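Peer 1: got a structure for you, letters missing:
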């Protein structure tokens, strides 16, 4: 492998391995299979010319699709051989489930793109089902500050979701 | 402070259902007559539905294990072996053409220059597994690069899951050691590495067995491979 090939693979790994892993693991629930599929997906990307010139969002979408198809292929060939893994991963369900997880990863990615003060209040308000006063008490800040951070944080979130193509 | 200014930043808390009941009533009263607040609430109205498509990120982080630490190294090895195999095939095709013209036997040409000789293992038992082993001489002995092909459509396991295999190396003195174990990955070509302290010229034979003890593949070291 030449140095520039190696650098390309390293960059692909840095940018995509983590979300890909999460995606594939959520689909397969199997570390061994996930590792194999993540490796194969990274190699497919590495074999595509000029992959690093493409926008990150597009490459990620492409890689998720490749990984998803590999998961479905493997479950299909497992089914044809009547192996146990089929019960874990019905093909149709897995396609739906895959879209759901794709959304989830993009949403988490958008949340992670917020500044920490914004992310914190949005997560507490939505996932923690906390009121502004409960958040204020928890973080030791004024109730008005919580409202204000939610106001700006939710706008930043909307922008981040738009950038990721989740919403228009 | 105008009435709107007082409520201008309450929109998000309202949309998220995070206003205290007293605040919520106040905000709803104001909302009835304030177009700006109606506009900003509707701007955010899609977000709770989108957030509901994801679980709490912190819970998910706790549930999904981290990728293995050596994921990059393993991928890089696989990339190297893929390139090697592809490069090797091209050279082999060209060499085969030349060999036919010159009337030379092909085995002498099955000798990739780098990173060391590659031995295609011979099938002993009725199994569809095929494998080749590359021998790379290093300061501490020999690194074995093993490529295994589990073609799609064949069984490589039973009710207890995929079969496990072991690679055994026999030295010129006749003693055998196990240098790697792995699991079948049906429908895939996998690459793994093993190591032995034996220098490559003291390796006499390479064997793949199932962990149940069945010898699947076996080849004596090809002396021609070593003369380079």
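Peer 2: Alright, I've got the coordinates. This is a predicted model, so every value here is computed, not measured.

Peer 1: element containing the most centrally placed residue in chain A, please.
Peer 2: Centroid check for chain A by CA atoms, centre = their mean gives residue A:105 as the closest residue, at 2.7 Å. Counting by DSSP states H and E, the element that carries residue A:105 is helix A:91-112.

Peer 1: what's that helix packed up against?
Peer 2: Under the contact definition 3 or more CB pairs under 8 Å, 6 or more residues apart in numbering or on different chains; DSSP states H and E, helix A:91-112 sits against helix A:3-28, helix A:56-80, helix A:116-126, helix A:143-163, helix B:47-51, helix B:57-63. Any C-beta I mention is one placed from the backbone N, CA and C, and that applies to glycine too.

Peer 1: what is the burial count for the closest residue to residue B:188 other than its chain neighbours?
Peer 2: In this structure, residue B:188 finds its nearest non-sequential neighbour in residue B:150, 5.7 Å apart by CB to CB, 6 or more residues apart in numbering or on different chains. Residues near residue B:150, counting by other CB atoms under 10 Å in any protein chain shown, number 22.

Peer 1: ramachandran angles for residue B:150?
Peer 2: Torsion angles at residue B:150 (phi, psi; degrees, to the nearest 10) stand at phi -110, psi 90.

Peer 1: next, work out how far apart it and residue B:131 are.
Peer 2: Here residue B:150 is placed at a distance of 10 Å from residue B:131 (CB to CB, to the nearest Å).

Peer 1: identify the residues contacting the helix holding residue A:105?
Peer 2: Applying CB atoms under 8 Å, 6 or more residues apart in numbering or on different chains, the external contacts of helix A:91-112 come out as A:19, A:22-23, A:26-27, A:64, A:68, A:71-72, A:75-76, A:79, A:119, A:122-123, A:157, A:160-161, A:163-166, B:50-51, B:53-55, B:57, B:60.

Peer 1: check stretch A:155-168 too.
Peer 2: Stretch A:155-168 has contacts (CB under 8 Å, 6+ apart) with A:57, A:61, A:103, A:106-107, A:109-111, A:113-115, A:118, A:122, B:12, B:43-44, B:46-47, B:50.

Peer 1: make it 7 Å
Peer 2: A:57, A:103, A:106-107, A:109-111, A:113-114, A:118, A:122, B:44, B:46-47, B:50 (CB atoms under 7 Å, 6 or more residues apart in numbering or on different chains).

Peer 1: report the two of those residues separated the most.
Peer 2: By the measure CB to CB, A:57 and B:44 form the most distant pair in the contacts of stretch A:155-168, at 22.6 Å.

Peer 1: of the two, who's got more company?
Peer 2: residue B:44 (19 against 13).

Peer 1: confirm for me that the more buried one is in contact with residue B:12.
Peer 2: Yes: using CB atoms under 7 Å, residue B:44 is in contact with residue B:12, at 5.9 Å.

Peer 1: report the set of residues contacting both of these two.
Peer 2: Common neighbours of residue B:44 and residue B:12 (CB under 7 Å, 6+ apart) are residue A:154.

Peer 1: how much space between the residue nearest the centre of chain B and residue A:56?
Peer 2: Centroid-nearest residue in chain B, with CA atoms, centre = their mean: residue B:75, separated by 6.0 Å. Counting by CB to CB, the separation of residue B:75 from residue A:56 is 19 Å.

Peer 1: okay, strands next: where are they in chain B?
Peer 2: Using DSSP state E, the strands of chain B run over B:118-120, B:122-123, B:130-138, B:141-149, B:157-158, B:161-162, B:164-171, B:176-183, B:189-196, B:203-210, B:215-220.

Peer 1: got TSV for these, with mean pLDDT and distance to chain A too?
Peer 2: Converted to TSV, the strands of chain B look like this (pLDDT from 0 to 100; distance: least, CB to the nearest CB, whole Å):
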stretch	mean pLDDT	distance to chain A
strand B:118-120	83	17
strand B:122-123	80	20
strand B:130-138	86	14
strand B:141-149	88	12
strand B:157-158	80	7
strand B:161-162	82	7
strand B:164-171	90	12
strand B:176-183	88	7
strand B:189-196	86	7
strand B:203-210	90	17
strand B:215-220	87	18
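
Peer 1: can I get these in a markdown table including mean neighbour count?
Peer 2: What follows is the strands of chain B, written out as a markdown table (neighbours: other CB atoms under 10 Å in any protein chain shown):
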| stretch | mean neighbour count |
| --- | --- |
| strand B:118-120 | 17 |
| strand B:122-123 | 13 |
| strand B:130-138 | 19 |
| strand B:141-149 | 20 |
| strand B:157-158 | 14 |
| strand B:161-162 | 15 |
| strand B:164-171 | 20 |
| strand B:176-183 | 15 |
| strand B:189-196 | 18 |
| strand B:203-210 | 20 |
| strand B:215-220 | 17 |
